[in-house]
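*Asks:* sequence first, predicted model second:
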There are 2 protein chains.
Amino acid sequence: MVHIETVTLNDKYVKGFVENEELAALQSFVEVAHKNMHTKTAIGSDYLGWLDWPSKMDDAELTRIEEAAQKIRETANVLVVIGIGGSYLGTKAVNELLGSSFGFNQTEIIYAGQNISGKYMEELLTYIKGKNVALNVISKSGTTTEPAIAFRMLRTWMYETYGEEAKERIFATTDKTGGALRKNVDANGYTSFEIPGDVGGRYSVLTAVGLLPLAVAGVDIRALLKGAEQAEQELQSVDLSSNAAYAYAAYRQILNSRGFSVEVLASFEPSMSAFHEWWKQLFGESEGKQGKGIFPASVIYSTDLHSMGQYMQNGRRMLFETMLRFTEDQQQTQIPFDENDEDGLNYLTDKTLHEVNMQALEATALAHVEGGVPVITLDVGKIDAHHVGYLIYFFMKSCAMSAYLSGVNPFDQPGVELYKQNMFELLGKPGYEKKE
Amino acid sequence: MVHIETVTLNDKYVKGFVENEELAALQSFVEVAHKNMHTKTAIGSDYLGWLDWPSKMDDAELTRIEEAAQKIRETANVLVVIGIGGSYLGTKAVNELLGSSFGFNQTEIIYAGQNISGKYMEELLTYIKGKNVALNVISKSGTTTEPAIAFRMLRTWMYETYGEEAKERIFATTDKTGGALRKNVDANGYTSFEIPGDVGGRYSVLTAVGLLPLAVAGVDIRALLKGAEQAEQELQSVDLSSNAAYAYAAYRQILNSRGFSVEVLASFEPSMSAFHEWWKQLFGESEGKQGKGIFPASVIYSTDLHSMGQYMQNGRRMLFETMLRFTEDQQQTQIPFDENDEDGLNYLTDKTLHEVNMQALEATALAHVEGGVPVITLDVGKIDAHHVGYLIYFFMKSCAMSAYLSGVNPFDQPGVELYKQNMFELLGKPGYEKKE
């Protein structure tokens, strides 16, 4: 048994803002919420499929995903992933974190159907022209407006470009039996994968939704799942002093109740940028209801110390910060000596960038605490598929607990219907004609 | 005289949250702040150089920038821009908005010195290997830690790769006379450009800071400046009913005083993403001080209606939204007819994506207002250099006015020193040894 560092919550920079009694007071509520979640008697229990997904995922299905991915890698140099919200944010998060900031592995992943911009679509069509393209369309229903429009346009392009061979290049991830996309799959014989009925969009990255495109991108999806499975096993304790995911949830709710109503997730790694967007959906959509919820925001440091740093230090005091640190120095890139030392940096000679970056984190946490901002730090061992899988599950479980503690259903999103109804009315969709 | 649509503020979705008397009450303060700003007697007046910069920028200097850019375009396929905060956010904003989401014009612009990530630096060094590279290092002092480290490393790489020819490939944008980078320039004979002493980082995109890399990227920098110059001329009125920039500032402060303390800038164009980051620095760093300031956040719609939409509609009510719309349909990309209509989208046949996108904006504004979120809309004619130049100046002038109305100096950033001092202590920088 190899000891690996996964996720550690450090609360030394939050202790000054929270009394021990407050944590103790939440302990019994955590126990109740935990029991209701694990016995599937909590509100929203129809969507708790993610809870034991890492350990229960079917191995044969995983192999089928890997085989499809291998086929795509061999035949296409671009995979267009069509999806919106939970259907692409997790994929983008993991792919950008584990991939390079410049260039890509073998088959490039690009995204469509996540907006309705004509500019974006024209640029995408220009870009894929002459390239070897495959599509992965991801939608439970197949009628969500943005991906449906993109799929209609790109499907047309695929048939124009490849004729009947297009059918071999289109992969669908959708509901097992129902919905417009399933019908389309059955009629055309596309290879398809299933979105489990009991897993909502924002909790779905570890299903075929994320696994197929991630495998195409070259991510070790078995390691990703193994990391999540380790989290599934380790994060079963109800004790706030030993379950970091629940402790994170508890601190969030205590801070929120004290008026810290904006959480800023801060990473010191620029490739975390898309992960932040996944995290924002997870927490914002799970908790932002009934006039409640912590507003999720994010920064990349030290980058944004030179833009949002002033606000964080001295702005309106309603913020708390969660700083995420990858502890292992995976590059060992050193700062060279310079004879002239005009920049005055010789005191850093032979230090690695990682060492400087970690001191920047410590320095920032100290400064912000002094400025009245509670800081929670989350230490993650390193950037690899296993740790990222762990971290994903960690946040999903924290989020569910945090939402339960605040008294809301973590798995619904009733507020997203109104703009859609308005839009269908304005666009004259049959059945949504303007009410008088 | 050609009439062009530039920026129009529409307040119909904010009227229900604000009394006319509140705007009227601010009118006289706006007049005073305007007068103090234009006579350079306001607080922070040493940094008002941006105010008449578009009309006063030296034409010979502009030509020199264009010539250097032309030389870079001819000799390099990658330009590495080294800078942090205001030294690169404006460039990235304009380049991503006017460029393509996929691929690039002729010479690719990549960024360094905006973080201390070893992963990022290693990936960058791998990426540029074998490519034809030029550097543009941008720093007023030359001792800001992040860009100084990156410049030290990349300068070393350049000399190793190109020998003495490296000197022809390094371009510096820095203070006219002082600072470590100016010394370095003088010692090595790099081509250099000036950062005006009376223009702060977040107001500097229209100086050589932004203009050189943007010209390399293929942006029409004369049109950009012309647009800003038009804004400079048009946004001189003190009347809140005719100066949209001041009206925006006034509405922000009224909403803030009513408890709407988070502003979410929402664009319906994914290529606005980097522009949002520029905007966040501008407003966050200008206003977030003395325990005050509106927290600046941003979303891309309709993308983020599927992630942050739930929170916006039903979450904690402390938000207002500023929606930015480009009104002209520049692509005319139509949604095709589909015989089978399994996706049920035939009701959209022959509509352009832009039309659907604009209805999505309208639908979202209506829904969010109903959900208790005031919405300001800013209409911009179209996406081109002229309009973007106008928009940049619009926001700079709004921001200065808004900060003055809230009683703070728009041009300082006293809060960014503490973490630096902590960091220098932790890193053992000479002169910053740990205090006992």
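*Replies:* On my side now, so go ahead. A quick note: this is a predicted structure, and the numbers were derived from the prediction, not measured.

*Asks:* and residue A:136, that's in a strand?
*Replies:* Yes - assessed with DSSP: H, G, I helix; E, B strand; the rest coil, residue A:136 lies in a strand.

*Asks:* what sits against it?
*Replies:* A:72, A:79, A:80, A:81, A:82, A:171, A:172, A:173, A:212, A:213, A:216 (CB atoms under 8 Å, 6 or more residues apart in numbering or on different chains). Where C-beta positions appear, they are placed from N, C-alpha and C, glycine not excepted.

*Asks:* how far away is the fourth one from residue B:82?
*Replies:* Taking CB to CB, to the nearest Å as the criterion, residue A:81 is separated from residue B:82 by 33 Å.

*Asks:* of the two, who's got more company?
*Replies:* residue A:81 (30 against 27; other CB atoms under 10 Å in any protein chain shown).

*Asks:* so which elements touch the one helix or strand the more buried one maps to?
*Replies:* Taking DSSP states H and E as the criterion, residue A:81 maps to strand A:78-82. If you count contacts as 3 or more CB pairs under 8 Å, 6 or more residues apart in numbering or on different chains; DSSP states H and E, strand A:78-82 packs onto strand A:108-112, helix A:118-128, strand A:133-138, helix A:145-162, helix A:208-216.

*Asks:* pLDDT of it, averaged?
*Replies:* Mean pLDDT, strand A:78-82: 98.

*Asks:* any part of the following helix or strand past that strand near chain B?
*Replies:* Heading C-terminal from strand A:78-82, the first helix or strand you meet, by DSSP H and E, is helix A:89-98. Yes - using CB under 8 Å from any CB of the partner chain, helix A:89-98 reaches chain B at residue A:89.

*Asks:* next: stretch A:374-388.
*Replies:* Yes - Stretch A:374-388 reaches chain B (CB under 8 Å from any CB) through residue A:383.

*Asks:* quick one: distance of that stretch to the chain centre.
*Replies:* 14 Å (CA atoms, centre = their mean, to the nearest Å).

*Asks:* now the closest residue to chain B within the stretch 51-200 of chain A: closest residue in space that isn't a chain neighbour?
*Replies:* Using CB to the nearest CB, the point where the stretch 51-200 of chain A gets nearest to chain B is residue A:85, with a distance of 3.0 Å. Nearest residue to residue A:85, sequence neighbours excluded (CB to CB, 6 or more residues apart in numbering or on different chains): residue B:306, at 3.0 Å.

*Asks:* ok, residue A:196 next?
*Replies:* residue A:49 (5.1 Å).

*Asks:* repeat for residue A:101
*Replies:* For residue A:101, the spatially nearest residue (CB to CB, 6+ apart) is residue B:123, at 5.0 Å.

*Asks:* you'd agree that neighbour is up against residue A:104?
*Replies:* No - shown here, residue B:123 and residue A:104 do not form a contact pair, counting by CB atoms under 8 Å, at 11.2 Å.

*Asks:* just to revisit the earlier point, enumerate every residue touching the residue nearest to residue A:85.
*Replies:* A:84, A:85, A:86, A:114, A:144, A:146, A:201, A:281, A:416.

*Asks:* who in the stretch 1-150 of chain A is up against chain B?
*Replies:* So the stretch 1-150 of chain A meets chain B at A:84-86, A:89, A:100-103, A:110, A:114-124, A:126-127, A:142-146, A:148-149 (CB under 8 Å from any CB).

*Asks:* among the residues you listed, which ones are buried?
*Replies:* Among the residues of the stretch 1-150 of chain A next to chain B, the ones that count as buried by 16 or more other CB atoms under 10 Å in any protein chain shown are A:84-86, A:89, A:100-101, A:110, A:114-124, A:127, A:142, A:144-146, A:148-149.

*Asks:* for the longest strand seen in chain A, list the C-alpha coordinates in PDB.
*Replies:* Looking across chain A with DSSP state E, the single longest strand is strand A:319-326. As requested, the backbone C-alpha atoms of strand A:319-326 are provided in PDB (Å, rounded to 0.1, in the frame of the first residue of the first chain):
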ATOM      1  CA  LEU A 319     -15.300  37.600   0.700                       C
ATOM      2  CA  PHE A 320     -13.600  34.400   1.800                       C
ATOM      3  CA  GLU A 321     -11.000  32.600  -0.200                       C
ATOM      4  CA  THR A 322     -10.300  28.900  -0.900                       C
ATOM      5  CA  MET A 323      -6.700  28.500  -2.000                       C
ATOM      6  CA  LEU A 324      -5.800  25.400  -3.900                       C
ATOM      7  CA  ARG A 325      -2.200  24.300  -3.900                       C
ATOM      8  CA  PHE A 326      -0.500  21.400  -5.800                       C
END
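
*Asks:* the helix or strand following it: which residues count as buried?
*Replies:* Downstream of strand A:319-326, the next assigned helix or strand under DSSP H and E is helix A:353-370. The neighbour-count check on helix A:353-370 (16+ other CB under 10 Å) flags A:353-369 as buried.

*Asks:* now do stretch A:244-258
*Replies:* Quick answer for stretch A:244-258 (16+ other CB under 10 Å): A:244-256.

*Asks:* sort out for me which of these are in helices.
*Replies:* The helices, defined by DSSP state H, take in A:244-256 from the buried residues of stretch A:244-258.

*Asks:* which one of those residues is nearest chain B?
*Replies:* residue A:256 (8.9 Å).

*Asks:* separation between the closest residue to residue A:267 other than its chain neighbours and residue B:181?
*Replies:* Distances taken as CB to CB, 6+ apart place residue A:324 nearest to residue A:267, at 4.7 Å, with adjacent residues excluded. With the distance defined as CB to CB, residue A:324 ends up 32 Å from residue B:181.

*Asks:* among these two, which residue is more densely surrounded?
*Replies:* residue B:181 (28 against 23).

*Asks:* tell me the secondary structure at that one.
*Replies:* Assignment for residue B:181 (three-state DSSP): helix.

*Asks:* what's the domain layout of chain A?
*Replies:* Listed by automatic domain parsing, the domain ranges of chain A are A:7-42+A:225-414, A:51-219.

*Asks:* what separates the last one from the chain centre, distance-wise?
*Replies:* Computed by CA atoms, centre = their mean, the chain-centroid distance of domain A:51-219 equals 16 Å.

*Asks:* list the buried residues of stretch A:89-105.
*Replies:* A:89-101.

*Asks:* ignore what I typed, I meant stretch A:370-384.
*Replies:* Buried-residue list, stretch A:370-384, by 16+ other CB under 10 Å: A:371-381, A:383-384.

*Asks:* circling back: list the strands paired with the strand holding residue A:81, with their directions.
*Replies:* Using DSSP bridges, strand A:78-82 pairs in its sheet with strand A:108-112 (parallel), strand A:133-138 (parallel).

*Asks:* for those strands, which one ends up most surrounded?
*Replies:* strand A:133-138 (a mean of 26; mean count of other CB atoms under 10 Å in any protein chain shown).

*Asks:* put the alpha carbons of it into PDB.
*Replies:* Taking C-alpha atoms only, strand A:133-138 is exported to PDB below (Å, rounded to 0.1, in the frame of the first residue of the first chain):
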ATOM      1  CA  VAL A 133     -13.000  15.500 -37.800                       C
ATOM      2  CA  ALA A 134     -15.100  13.400 -35.400                       C
ATOM      3  CA  LEU A 135     -18.000  14.600 -33.400                       C
ATOM      4  CA  ASN A 136     -19.100  13.700 -29.900                       C
ATOM      5  CA  VAL A 137     -22.600  15.100 -29.200                       C
ATOM      6  CA  ILE A 138     -23.500  15.100 -25.500                       C
END
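
*Asks:* contacting residues for the residue nearest to residue A:101?
*Replies:* So residue B:123 contacts A:100, A:101, A:102 (CB under 8 Å, 6+ apart).

*Asks:* near chain B, which residues of the stretch 151-300 of chain A? Just list them.
*Replies:* Counting by CB under 8 Å from any CB, the residues of the stretch 151-300 of chain A near chain B are A:151-153, A:156, A:180-181, A:183-184, A:187, A:201-202, A:261-262, A:268-271, A:277, A:280-281, A:284-285, A:287-297, A:300.

*Asks:* if anything else comes up later, I'll come back, but that's it for now.
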